[in-house]
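>>> here is a sequence with its predicted model. Questions after.
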There are 4 protein chains.
Amino acid sequence: MGGFFAVASKQDCVADLYYGTDYHSHLGTQRGGMAVKSNGGFTRFIHDITNAQFRSKFEDDLDHMRGRLGIGVISDYEDQPLIIGSHLGAYAIVTVGRIANLASLAAEVFAQRATHFSEMTGNAINPTELVATLINREATFHEGIRRAQQRIEGSCSLLLLTDQGIYAARDRLGRTPVVLARKAEAHAASMETCALPNLGFHVERYLGPGEIVRVREDGVERLQPPGQSMQICAFLWVYYGYPASSYEDINVEVVRNRCGAALARADDTQIDVVAGIPDSGTGHALGYANQAHVPYNRPFVKYTPTWPRSFMPQEQRVRDLVARMKLIPIPHLIRGKRLLFCEDSIVRGTQLKDTIQRLYDYGAKEVHMRPASPPLVYACKFLNFSRSKSELDLAARTAISELEGDANAHLDEYTDPVSPRHTRMVDHIRQRLQLTTLKYQRLGDLVSAIGLPKGKLCTYCWDGAEPCASGSGS
Amino acid sequence: MGGFFAVASKQDCVADLYYGTDYHSHLGTQRGGMAVKSNGGFTRFIHDITNAQFRSKFEDDLDHMRGRLGIGVISDYEDQPLIIGSHLGAYAIVTVGRIANLASLAAEVFAQRATHFSEMTGNAINPTELVATLINREATFHEGIRRAQQRIEGSCSLLLLTDQGIYAARDRLGRTPVVLARKAEAHAASMETCALPNLGFHVERYLGPGEIVRVREDGVERLQPPGQSMQICAFLWVYYGYPASSYEDINVEVVRNRCGAALARADDTQIDVVAGIPDSGTGHALGYANQAHVPYNRPFVKYTPTWPRSFMPQEQRVRDLVARMKLIPIPHLIRGKRLLFCEDSIVRGTQLKDTIQRLYDYGAKEVHMRPASPPLVYACKFLNFSRSKSELDLAARTAISELEGDANAHLDEYTDPVSPRHTRMVDHIRQRLQLTTLKYQRLGDLVSAIGLPKGKLCTYCWDGAEPCASGSGS
Amino acid sequence: MGGFFAVASKQDCVADLYYGTDYHSHLGTQRGGMAVKSNGGFTRFIHDITNAQFRSKFEDDLDHMRGRLGIGVISDYEDQPLIIGSHLGAYAIVTVGRIANLASLAAEVFAQRATHFSEMTGNAINPTELVATLINREATFHEGIRRAQQRIEGSCSLLLLTDQGIYAARDRLGRTPVVLARKAEAHAASMETCALPNLGFHVERYLGPGEIVRVREDGVERLQPPGQSMQICAFLWVYYGYPASSYEDINVEVVRNRCGAALARADDTQIDVVAGIPDSGTGHALGYANQAHVPYNRPFVKYTPTWPRSFMPQEQRVRDLVARMKLIPIPHLIRGKRLLFCEDSIVRGTQLKDTIQRLYDYGAKEVHMRPASPPLVYACKFLNFSRSKSELDLAARTAISELEGDANAHLDEYTDPVSPRHTRMVDHIRQRLQLTTLKYQRLGDLVSAIGLPKGKLCTYCWDGAEPCASGSGS
Amino acid sequence: MGGFFAVASKQDCVADLYYGTDYHSHLGTQRGGMAVKSNGGFTRFIHDITNAQFRSKFEDDLDHMRGRLGIGVISDYEDQPLIIGSHLGAYAIVTVGRIANLASLAAEVFAQRATHFSEMTGNAINPTELVATLINREATFHEGIRRAQQRIEGSCSLLLLTDQGIYAARDRLGRTPVVLARKAEAHAASMETCALPNLGFHVERYLGPGEIVRVREDGVERLQPPGQSMQICAFLWVYYGYPASSYEDINVEVVRNRCGAALARADDTQIDVVAGIPDSGTGHALGYANQAHVPYNRPFVKYTPTWPRSFMPQEQRVRDLVARMKLIPIPHLIRGKRLLFCEDSIVRGTQLKDTIQRLYDYGAKEVHMRPASPPLVYACKFLNFSRSKSELDLAARTAISELEGDANAHLDEYTDPVSPRHTRMVDHIRQRLQLTTLKYQRLGDLVSAIGLPKGKLCTYCWDGAEPCASGSGS
C-alpha cells in the first residue's frame, strides 16, 4: 500500500523525518525515499528496501541531509519522492494510493504533445509523476491538487514539499488516512499515528476526506475543507494498520480486541487455548480470549529478529523454504490441545492450509478458525492492496466456483451470512482447510467493532458496496 | 552471548546452514559467519551484522558456497569462523562462551615462543583462535577439545569443521546448550531448538555437559560421554532463549508461562490489565494473566518491522532518540488503567524508569511491576552476558549502596527474600522507579518453574552460588 | 564534454555497448550510463564514475542487460540516459553539448503549464530532459530532433533509442562529431573512432553537420541530409580527442605530430631534449622532436596504473596533495638539461608554473615552452568545456589586465600574432612562468596542421570568430 | 610480484601511506592493504583490487585511520598486512617475495604441535603468516627477521609495524629492492623510488642485501649490515619497475633508453618508424629512435583512462574481447610503413602474434621486432613473477621443442648467442610470429645498459646462472 510522513520544523528535521518515515515500514516492501529542502535546494535519496530495512539503507545518507522541511515515503512500487520542475517552481512529491485510470490520463496528456514522463522503467509510467502532471496544469498548488483529486479514479493522498511549505492532501473519499501532529518546535503530517509518540508529537487532528492543508514550521493552514462523503478502508483496522495506530481517532488494537470479543460472543465452541496468527491475528485473539475467559497462548511465535517482513532471497534454491520460515511452532503448546485461532481474514487459504496441517502434525487435537472479517469476495480496486490481488483466487470464489461451476454465480446470496449458499460456501472452505470448525465475523459486528457508520466505511471487498461510485468531477 | 549451528548433509548443506544460523540472531548483534567444506577446501564468509540482518548480509555469498558440511555462528565480539592450519590438518572453528583466563592462557603459549595469533584487531586476542591453539597442542581433535575444556575457566561450547566431519562439544559444565537433530538426509548440531522445525529437523537428543560428538552425514558418534556436574544458565529460560526453544527438553515459553503463573499465585493486587514488556516479558505476563483471570493487553507494542533488534545509527545527532524508539505506546489502553507489567528482570532500572514515567504521562492510574526472577545482585562471570555488565550498577546494588553506604554490605541478607533488609531494598527500588507495587519472583519459584534440580542450574547472579567452582582439570 | 556510443546488432549488443561507451571515458568524469531495449522494455543503469572507472562500476549490471539495441554515455554533469514516455512512445535519450539558452527554453515550456521536469536535483534542470521536451512537441522523432537542433543555442548531438531503431543526430553546426561504423552483424554510431577497431567495427562515414540518421541492425537510413555550414571544434585535435581517434577522417595523433613539426620549423632554439606534458603534449612533442632531430625524452611520466584520470578523494586533508600526484619526475633526465616542452595550450598557467618550478628544483638548466595552439583569449560558449571556464582567469587575459589595467582592452591586437601588444603579452606570460623562452603556435599553422578550411573550424577561443552566429530558426 | 611502503612521521602518516602504497600499484593486481598504529592499537584494512584501483577502494577507510606509523602493501596473492599477537607483542607484517620451501617450513612448525595458521583460505597457507611464525621463534624482532632470512629459500623483503618502530628488511640476496627516504617530518621505506618525489621525500640510501633497519619518526637505525652477495633481479629494469623508479641508484627509464640504444647500435635495418609496445617497450624504443635517428611514433596507443591495468570482467561472454582491448591501433600511422617495435621481452608470444597480424591487417609493409633482453629460457624461481610462469610455454622453449623434439635439449648452446642453434631458434620464433626481422638483445649489452657487475645481477631466466645457490643458513 505505502505510507508517508512529513515534518516542518524550526530546527533541522532530518532525525524526525528518518524515524517517522521508518515507522511506516509495515505498509510497503519495495522502495523508501526521503527529500529535504534547505536554502541550497532539495536533497533526495531513494533506496531499494526489498532486502534490508529502511533505516539501515538510509543511515549513510543522514550526513548529507540538512533542512527544516522534509517528506518521506515507504512505497510498494515506484521510486519516490520525485523532484519536479514546473511553472509552479521546483517541488518534491510523494503519493499513496491507486490510480485506476492511469492509462487514460496518460493518453490524454500525451495527446496534447505537451508533456512527457521521464521516470519510466521499461514501459511503466510512474504514477506519482502523472499526479505531478495533473497538478502542473493549474495556476497554484492548491488548485493543482484539487484537479488531481477530481480526475483520479481510485485513490490518492499526497505530500508536496515546496518553497511555500509542505502541502498535505487526503484522498477525496478519505480511503487512506492523513493525520496532523505537533510538538513545541515542529508540525508533522503522517499516515500512521504510531509514528508520533516516540518522536514527541501529539495528534492535532485527522484530516477529513479531500482536505488540503499547508504545513509550515509555525502552523498549519487549511486550504480546502473536508468533503461530505467518506469511504475509509475498513481493512486498515482489520489488517493493514499497526496496532499502535489510530484512524479517525479509533485505535487499531482496540478494534481488534473488540473484533475478537464479538467473535467470542457469537461462539460457544469448547476449546483449550485461543491463539492468533501473528501479527494481525494477535489483537483479535486477545479480544476473544479475554471475552471467553479461555487462556491465550502462543503455539506459534514469529522470529522477529530477522523475519520482521518477508525479505526474499534471490537464490532460487532457497526460495522454497521461505514460506514456512517466519513462524516457529512450539510443539509443547500444541500437542493434545483444542486450539482456536483468530486471523484477520482468509485470502487464498494456501499457506493457511499448510499451517493447519503442521498443527495436526505436531499433535493438535482440534483446530478452529475465526477470521475477524467476513469472506473476501471482491478484489480491492481502490488501493494497491496486495492482500486480494486475483479475485478468482480468493478462497470464497474458489469455493463458489467449485460449488456452482461459476465463480460469479449468486454473489449476492454468497455474501449474505444468513443464506444457505453462504453456509455451504463456509463449510466448503472449512473442509478444504481441514478445520474442525470455521466461523467468519459478520459484517455488522465488524462495523460495530470499528464504531463508524457503515456509510463512511469502504466494505467493498466483502459486500461489493460502492456508495460513492462516481469517479471524477463530482 | 552468541550461538552456532552445524549441518552434515548427504546433499548440499548451504540453505540449511544459512537459515539455521540465522535463527540464532537473537543471541548476538555484532558478527555473523559461515564456513562450508567441499572437495575444493573451505569457503568462509564473515560480515558485520551491527546495522543489518544476518540474511541480508550473506545473501550474495550463497552463490559462492557449496558443500555438504558447514558451520555457522552469530558472534557478539570476534570474527568467526576461523580457518586454522595445523598438524591436525586444516579446519574451521567457532566457539560460544567466555574465557575468563584468556590473558594467562595467552601468556602461557607466548612464553613457549611457539605460537602467535593473527586474528587480532587492536591489541585484543581472538578467543576462538586461542581455543584453536589449545586444541592444536594434542594429537587428535578429540584430545585437543578435552584439553580446551579443562583449561578454560568460564565456558566454551564449540564446533570444528574438519576433514573427518564436524566435532561438536558442549561446555564442560553445560552452561550453554547444544542439541543434536536429524532429518532423512542430514544431521545437525544447534544451540537453539527453534532453528530446527522449519528446516524439517527433529530433536534427536541434548548433549550432556562436556560431551563431545562427531557429526557426519550418516550419523553421530559419541567421543566423550557427558560429565556428572551441570550448571546450565537459568537465565536462558528467563530472558535469553527464544520462546520456541527448549533446553534439556524444557520449553522457554512454557517456563515463562509458569513463571508468570507463580507470580500470580503469590499476588492478590487488584488490577485491570496484565501486560508484558516485550519481548521476554510477554510469556511471563501471559502466564500471570491466565492464572489470575485478568485480561492480558498490549499497552506497548514493539515496532518489529524495523526494530527487531537494536540496530544503532552511527549518527551522533540521532542516538539520543534510539532508547525510546522500539516500543510504541497505545494511549487508549493506558489511560485510567491499573496496569501490572511482567518483566524478565530489572538490571539497572534506568530505561524502565523512563518507561514507567511515560505510562503515567499517558494517564495510567497505577503501575505494578513483577520481575520473573529475583533481584540481580552478582554480575555473570561465566558467559558473555550483556545484561549484567557492571555489578555495582545493578539496581539492587545501587539500592544497597544507598541504604548501607556500601554496595557490598550484608549481601547474604539482601539475597534472602524473607529478611527485612531484602524487603527494604525492594521498597527502595520501588520508590526510585515510582511503582505502585513491586514484587520479585522468589528463587524457589523460579527453579520450580524451570523444573530442574537447583544443583544443575547456575543461579549465581541471584544468590552467588558456585557449586562447581573448580576451574581446570577437575 | 561528454561522449556517446550506440549499437544496433543482429545479436545481443551489450558487450559492444559496454566497451564502446567505456572508450569515451576520456571525455567526462562524472556520470556514466547505458540503456538497452529488448522485448521486455528498457533496462537502464546510471552510475557515478567520479571515483572509479566506468567498467568497474557497470560490471555487475551486465548480467541484467540483454538487448540488440543500446545506447551509452559518459556525461560530465547530468544523469543519462533518460527513459522518456511521450505520445511518440517510450524512448531513451542521451545528449552531448551545451544548451546556452536553457533557462529561456525552460521558461517557455513552463509558461504553457504543459510540461514539467522530473530529473532535477536541487534547482537544476536536466538539459537532456529539456531536449526531450522539445522533441516531444512534434509529430515524429525526426521532426522533433530538427526542432531541437533549431531551437538550441550552443550545441547538441544526440542519440534516441526507440521502438523504430536508434536515431543519431549531429549538432546543427557539427561542433561535436558523430561517426557511423559497421561490422558483419552490427552497426554503430560513435563520437570517437578510437572506440571502433578493437570491437571489430570499421568506419563507414562521418555524419555531416545537422545530419540525422536512423540506425538499425540491418542498415542506416538518412533522414536529414547534412547542412552547409560547419564549425567543428579545433580543440578536439589539439587537446580533447584521443590520439587514436579521427574526426572528418583526420587523425588526432597525426595532427599533433604536424603541430609539433610546425612549432619546430618556426624555432631555432638550442636545446638538449624535447618532451611533452602528458597526455596531450606527447603527440605534439614527438612531432617537434622528429622534425628538429632532437632527442625526445620523458622527464615526467604519468602514473597511469592509478592516475588515469583525476579521481578526487573526498578527504579534505589529502586534497592538497592531489595536484602534483599524477606526474612523476625523473631527476636523472632533468638535471643539467636544456628542456623544451610541448603542451596543448596554457589555460590559467597556475599548475604549469608549479611544474616548471619543480623542473628547476631538480636541476633543469633551461625550460622552454611551446604551446601547440595560440593564446586562449575567449572562453568557449559552445561546448561544456572545462578547459576555459572563467574567461578572465585565462593566462592571456590576466596578462592583458596587468599590462592595460583592463582585461578587455585591445583584444583584436592581442590576438594578432604580429602586433607588438601580442609580443608584450607573450613575454609577460613567459616571465610569470619563469620560462627561458615561450613561443605559441600561430593560428594559421594550427589550421594547416588540421587540414580543414578555416571556415569549417571553430577557432573562437583564440580569435573570437563566430561565422555562423545565428542561433535559432535559420 | 608485489610492493610495499612504510612511513614513520612526526604527524599523522595516513595521507603519505595512502599515496605511497598506491604508487606500487603496477607491481600487483589482487590485494591491497594498509595498517597504522596509534595509541589505540592497530587499524587495518584489506581490499580486493582486482576490479578497481587501490585508491578508490581505500578512500572510505581514510576517515577511520589515524596514526604516525604505518605500512602498506600491494599484494599479488595473499591478504596483507596481518596483525600478529606473540611473545614479542602485537605487530603488523607485510612481505614481498616467494617462499620456495613453504611446504617444508610449514610441516616443520606443525610437527612441533606448537603453532597454527589462521589466515587460510581453502588449504593454502598465507606465506606472510609463515614468515611471522619464523620471526616469533626468536627473542627479538631483529633475530626473528634474521632467522626468516636464513630459512627462506626464494626471496623475502618485509616490513614490521611494532611498538618500537617499523622494521624494514631487504631480502638476503637483495633480489627485491628497499629504499630509505626522508623529509623534514618523516622517514619512509619503499620498494619503488617513484613513490617518493610527489610526497616530498628524498632518497636517503638504498638498503643492501639482507640489511635490517628500524625506522622511527626521528631517524633510522641500522640493526644488521648488508651482506656481501647480491642477486638483484635484472628484469626490474627491463620490465617490472616503473620508468620513474631507480634501483641501486640506477633509473629505469635511463636503462631502457640505453637498452634501445644498444639495440640500435647492433642494427642497420632500413625502417621508417620506431615504436614501442606500451608500456615497458616505450623507453626501449625511445632509446633506439634517438640513437638511430629514426622517427619515433605511436601506431598503438594504450587506452589509459580505463585500461591502466588488466581489470578482468567476471562475465564470461565478454572475456573473449579483453585480450585486444588495451591497445588501440592508429591505422594512419601503420599503413605502408616499415615498422620496428621494441618490447621488453617475448614470453609465450601468443598475444604478440595477434598484434603483429593486426599490423599487417592495417597495411604495415614490414614489422621488425627488437626485444630489449635475450630469449627467456628459464622460469623464475626466486620471485612471484607472472611473466614466466610455465617454463615449457616460453617461446624459446617451444621453438627448441619443435626443433629438437625435446624442450630441454642443448640449453647451453641455445642460450649462447653466437651458436648456430641460437640462430636457428631465433629464426624459428621469427617465422612463427611472421616478423620481417627479429633480433634479441645480447645479455652483455643488457648488463652494460644496467651498469652493475654481472655477478650482482640475477640473470637466471636468460642464462640459468645461479651464483649464490645455497638456500639456508649461509
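Yep, that arrived.
>>> CA atoms for contacts and neighbours, from now on please.
Noted.
>>> neighbours around A:Ala100, how many?
When counting by other Cα atoms under 10 Å in any protein chain shown, one arrives at 17 neighbours for A:Ala100.
>>> correct me, but it touches A:Ile152?
Yes. Between A:Ala100 and A:Ile152 a contact is recorded at 7.4 Å, counting by Cα atoms under 8 Å.
>>> then stretch A:86-95 to PDB, C-alphas only?
C-alpha atoms of stretch A:86-95 as PDB (Å, rounded to 0.1, in the frame of the first residue of the first chain):
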ATOM      1  CA  SER A  86       7.400  23.300 -13.300                       C
ATOM      2  CA  HIS A  87       5.900  26.800 -13.700                       C
ATOM      3  CA  LEU A  88       4.900  26.400 -10.000                       C
ATOM      4  CA  GLY A  89       8.700  26.200  -9.200                       C
ATOM      5  CA  ALA A  90      10.600  23.100  -8.100                       C
ATOM      6  CA  TYR A  91       9.000  20.800  -5.700                       C
ATOM      7  CA  ALA A  92       9.200  17.200  -4.300                       C
ATOM      8  CA  ILE A  93       6.200  14.900  -4.300                       C
ATOM      9  CA  VAL A  94       5.100  11.600  -2.800                       C
ATOM     10  CA  THR A  95       1.700   9.900  -3.300                       C
END
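>>> the residue lying farthest from the centre of chain A and chain B, how far apart?
The centre of chain A is farthest from one residue, A:Gly336, which by Cα atoms, centre = their mean lies 37.0 Å away. Distance of A:Gly336 to chain B, computed by Cα to the nearest Cα, to the nearest Å: 15 Å.
>>> same thing with A:Ala111?
Taking Cα to the nearest Cα as the measure, A:Ala111 falls 44 Å from chain B.
>>> likewise for A:Ile71?
For A:Ile71, the distance to chain B (Cα to the nearest Cα) stands at 18 Å.
>>> show me what contacts that residue?
Contacts for A:Ile71 (Cα atoms under 8 Å, 6 or more residues apart in numbering or on different chains) come out as A:4-7, A:17, A:34-36, A:81, A:94, A:159-161.
>>> of those residues, which belong to helices?
Among the contacts of A:Ile71, the residues falling in helices (DSSP state H) are A:Leu17.
>>> so which of the contacts of A:Ile71 would you say is closest to chain B?
Nearest to chain B out of these is A:Leu17 (Cα to the nearest Cα; 11.0 Å).
>>> quick one on the thing from earlier: surely the residue farthest from the centre of chain A touches A:Val367?
No. A:Gly336 lies out of contact with A:Val367 (Cα under 8 Å); the separation is 10.8 Å.
>>> low pLDDT regions in the stretch 101-250 of chain A?
Low-confidence segments of the stretch 101-250 of chain A, defined by pLDDT under 70, are located at A:120-123.
>>> all strands of it, in order?
Using DSSP state E, counting those that start in this stretch, the strands of the stretch 101-250 of chain A run over A:154-162, A:165-169, A:179-183, A:186-190, A:202-206, A:212-216, A:219-224, A:232-233, A:246-247, A:250-251.
>>> now do the SS call for the residue farthest from the centre of chain A.
When classified by DSSP: H, G, I helix; E, B strand; the rest coil, A:Gly336 comes out as coil.
>>> one more: the one 3 residues further on?
On the three-state scheme (three-state DSSP), A:Leu339 is labelled strand.
>>> tell me the contacts of it?
By Cα under 8 Å, 6+ apart, the residues touching A:Leu339 are A:271-275, A:364-368.
>>> repeat that for 6 Å
A:273, A:366-367 (Cα atoms under 6 Å, 6 or more residues apart in numbering or on different chains).
>>> so how far is chain D from the residue nearest to A:Phe110 when sequence neighbours are not counted?
Once flanking residues are discounted, A:Phe110 sits nearest to C:His87: 4.6 Å by Cα to Cα, 6 or more residues apart in numbering or on different chains. Remark: distance between C:His87 and chain D (Cα to the nearest Cα) = 37 Å.
>>> need the nearest residue in space to A:Thr423, chain neighbours excluded.
Counting by Cα to Cα, 6+ apart, A:Thr423 lies nearest to A:Pro417, which is 7.2 Å off, once chain neighbours are set aside.
>>> that older thread, would you mind measuring from the residue nearest to A:Phe110 to A:Ser104?
For C:His87, the distance to A:Ser104 (Cα to Cα, to the nearest Å) stands at 12 Å.
>>> which of the two has more residues huddled nearby?
Using other Cα under 10 Å as the criterion, C:His87 and A:Ser104 rank with C:His87 on top: 21 against 10.
>>> can you tell me how far that one is from C:Ala139?
The spacing between C:His87 and C:Ala139, counted by Cα to Cα, is 8 Å.
>>> quick one on the thing from earlier: check the residue nearest to A:Phe110 and give its pLDDT.
Note for C:His87: predicted pLDDT of 92.
>>> did I read that right, the residue nearest to A:Thr423 in a helix?
No. Secondary structure of A:Pro417 (three-state DSSP): coil, not part of a helix.
>>> that one: how many residues sit nearby?
By other Cα under 10 Å, the residues close to A:Pro417 number 17.
>>> need phi/psi at whatever residue of the stretch 51-200 of chain A ends up closest to chain D.
Going by Cα to the nearest Cα, chain D is nearest to A:Asp60 of the stretch 51-200 of chain A, at 12.0 Å. Here is the backbone geometry of A:Asp60 (degrees, to the nearest 10): phi -70, psi -20.
>>> done for today, thanks.
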